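Student: Build me a structure from this.
(one chain, ligands or ions: 1)
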Amino acid sequence: MIDGKKVLFSGMQATGNLTLGNYLGALKNWVTLSEEYECFYSVVDMHSITIRQDPAELRRRARNLLILYMAAGLDPTKNCIYYQSHVSTHAELAWILKCFTYMGELNRMTQFKDKSAKHADNINAGLFTYPVLMAADILLYQADVVPVGIDQMQHLELTRNIAERFNNLYGDVFTVPEAYIGKVGAKIMSLQDPSKKMSKSDENPNGSIYLMDDPDTIMRKCKRAVTDSEGVIAYRDEQPGLKNLIDIYSACTGKTPQETVAEFEGKGYGELKPAVGEAVISILKPLQDEVARLTKEKAYIDSVIKANAEKAYYVSSKTLRKVQKKVGFPERIR
Ligand code: TYM
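Tutor: The predicted structure is shown next:
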């Protein structure tokens with residue numbers, strides 16, 4: 001609890017071009033929850049270097065992502081928006097937690113397996129211990145809730161296990177966090193292959209809608225989305241491409257999938273697809289305009305970065321000091 005409010009933590013990587021999946025699965029929910037909770041939203045640039053990055057490009061993307069958080073509606077005076085690399089407590093707690101995490105647990109992480117297959121020439125130790133840094137992110141702020149898409153559930157489960165293990169040994173040090181998964185949009189699939197999630201690293205750019213895509217591109221991608229030959233609008237697993245389009249439309253318009261099906265009853269895919277395109281454009285266009293406006297406010301953004309990193313350090317160092325004491329590190333002489 002901070003000032004009588006429960007705590008929320010979440011983060012996003014500044015790697016690749018963010019997709020509609022990142023927005024509907026995470027960022028959109030962050031904004032909805034931001035009033036109710038004391039929120040910490042990090043640009044997790046330390047996670048990004050587990051894959052080789054171009055330094056100038058990473059810096060540019062990290063700043064754009066921070067601006068995107070604000071453009072989506074997160075007020076930086078109420079929400080702590082900061083770069084993970086500016087707050088040294090994350091790396092310090094991650095080290096300690098690594099000593100409470102088993103190799104076997106990390107070996108089971110499907111994202112590690114996927115990423116090592118994709119980057120076979122660079123299976124570094126950071127990629128392997130990536131979920132422990134994520135656990136440190138969350139546990140440092142004593143977060144009660146962590147809004148994420150379904151693909152992060154396994155990492156969150158590991159975080160809970162690490163927290164419980166530590167608490168069993170040393171008393172109630174960490175809050176054990178719960179995942180928050182949105183009702184619709186928690187797993188947006190590729191428009192070209194609905195068996196795969198929409199991803200920043202997809203080789204086929206038509207499979208993903210990127211947050212910075214212009215309206216014509218968004219419309220073209222929606223119209224070309226892979227569906228099926230059944231020709232009937234229904235929300236079911238046997239029609240995964242269609243189900244995904246219904247999810248996207250519902251998440252963008254605030255309707256339930258059932259309401260969307262009712263709206264398009266008796267109509268064809270030829271009517272649904274452009275309507276999905278319009279719904280996405282109506283969400284992304286204002287977001288893009290706000291990103292463009294904020295990007296010009298250089299001094300203001302810099303002041304947000306500085307103030308929020310200080311706040312994040314202040315809050316997180318309380319947990320870190322407690323943990324250091326518990327594991328037996330000598331007290332600091334002041
Ligand atoms: P990242 O950067 O891959 O994704 C950011 C958020 O977007 C969600 N997401 C999706 N949701 C629905 N459909 C999709 N196709 C889709 N693709 C991505 C993700 O679930 C995530 O919520 N390890 C994390 C970042 C992280 C973090 C944390 C998250 C680091 N520390 C602490 C929460 C708490 C990651 O790489 O997310």
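Student: Whatever residue of the chain ends up closest to the ligand and Y130: what is the separation?
Tutor: Nearest residue of the chain to the ligand (CB to the nearest ligand atom) works out as G25 at 1.9 Å. All C-beta atoms are positioned from the backbone trio N, CA, C, and that covers glycine. Taking CB to CB, to the nearest Å as the measure, G25 falls 19 Å from Y130.
Student: Doesn't I81 belong to a helix?
Tutor: No: looking at I81 with DSSP: H, G, I helix; E, B strand; the rest coil, it is strand, so not inside a helix.
Student: residues touching it, list them.
Tutor: Applying CB atoms under 8 Å, 6 or more residues apart in numbering, we find I81 in contact with Y41, S42, V43, L66, Y69, M70, L74, V304, N308.
Student: Report the beta-bridge partners for it.
Tutor: Y41 (DSSP bridges).
Student: In which helix or strand does F9 reside?
Tutor: strand 7-12 (DSSP states H and E).
Student: Can you name every helix or strand that that strand contacts?
Tutor: helix 28-33, strand 38-43, helix 125-140, strand 145-147 (3 or more CB pairs under 8 Å, 6 or more residues apart in numbering; DSSP states H and E).
Student: Take these and lay them out in TSV including distance to the ligand and mean pLDDT.
Tutor: Output for the helices and strands packed on strand 7-12, formatted as TSV (distance: least, CB to the nearest ligand atom, whole Å; pLDDT from 0 to 100):
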stretch	distance to the ligand	mean pLDDT
helix 28-33	9	93
strand 38-43	7	98
helix 125-140	4	98
strand 145-147	5	96
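Student: and the closest residue in space to S116 that isn't next to it in sequence, what element?
Tutor: Leaving out its chain neighbours, the residue that sits closest to S116 by CB to CB, 6 or more residues apart in numbering is I123, at 4.5 Å. In this structure, I123 sits in neither a helix nor a strand according to DSSP H and E.
Student: burial count for I123?
Tutor: As a burial measure, I123 scores 14 neighbours (other CB atoms under 10 Å).
Student: Hmm, it is touching K113, no?
Tutor: No: using CB atoms under 8 Å, I123 makes no contact with K113, being 10.4 Å away.
Student: The stretch 101-250 of the chain: helices as residue ranges?
Tutor: Assigned helices in the stretch 101-250 of the chain, in chain order: 103-107, 110-118, 125-140, 153-170, 215-223, 240-253 (criterion: DSSP state H, counting those that start in this stretch).
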